[in-house]
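J.: Sequence unavailable; structure follows:
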């Protein structure tokens, strides 16, 4: 199983819209495309940043390809970005679990 830590820096003034897109569309589509949301956070000192952790069942690249070509995602992204992108930066780190994280190993 592969985990993915993603960090999104919201475009100034667009964090609420980014969070709403996750609530209304993104998280459900993740589930349909074999990605399990394990948690979402904002740094205490930077509320314009969203950090989240996904668990991939299967190949992460295939999961993202299926997600990215899902017409519901394409439509939701286009509708939410009429006035410009919701993110100015996206960072991704792929992770393998160690035996030091028993909570995740129990999933």
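T.: Received, thanks. Just so it is clear, the structure is predicted and the values come from calculations on it, not from any experiment.
J.: For residue 93, which three-state class applies?
T.: Three-state call for residue 93 (DSSP: H, G, I helix; E, B strand; the rest coil): strand.
J.: Which parts of the protein are strands?
T.: With strands called from DSSP state E, the chain shows them at 2-10, 35-41, 49-56, 87-96.
J.: now for these, which one comes closest to residue 28?
T.: strand 35-41 (9.8 Å; Cβ to Cβ). Every C-beta, even on glycine, is put in place using the N, C-alpha and C of the backbone.
J.: What helices and strands are in contact with that closest one?
T.: Applying 3 or more Cβ pairs under 8 Å, 6 or more residues apart in numbering; DSSP states H and E, we find strand 35-41 packed against helix 27-32, strand 49-56.
J.: List phi and psi for residue 70.
T.: Dihedral angles of residue 70 (phi, psi; degrees, to the nearest 10) stand at phi -70, psi 120.
J.: try residue 98
T.: The phi/psi pair for residue 98 (degrees, to the nearest 10) reads phi -110, psi 180.
J.: With residue 12 instead?
T.: Backbone torsions for residue 12, taken as degrees, to the nearest 10, come to phi -50, psi 130.
J.: check contacts around the residue nearest to it when sequence neighbours are not counted.
T.: Leaving aside its sequence neighbours, residue 12 sits nearest to residue 48 (Cβ to Cβ, 6 or more residues apart in numbering; 7.1 Å). By Cβ atoms under 8 Å, 6 or more residues apart in numbering, the contact set of residue 48 is 9, 10, 12, 15.
J.: For stretch 51-65, buried residues please.
T.: Buried residues in stretch 51-65, defined by neighbour count with 16 or more other Cβ atoms under 10 Å: 52, 53, 54, 55, 56, 60, 63, 64.
J.: ditto for stretch 76-87
T.: When burial is assessed from 16+ other Cβ under 10 Å, stretch 76-87 yields the following buried residues: 76, 80, 86.
J.: where's stretch 28-40 relative to the chain centroid, distance-wise?
T.: Relative to the chain's own centre, stretch 28-40 is displaced by 8 Å; criterion: Cα atoms, centre = their mean, to the nearest Å.
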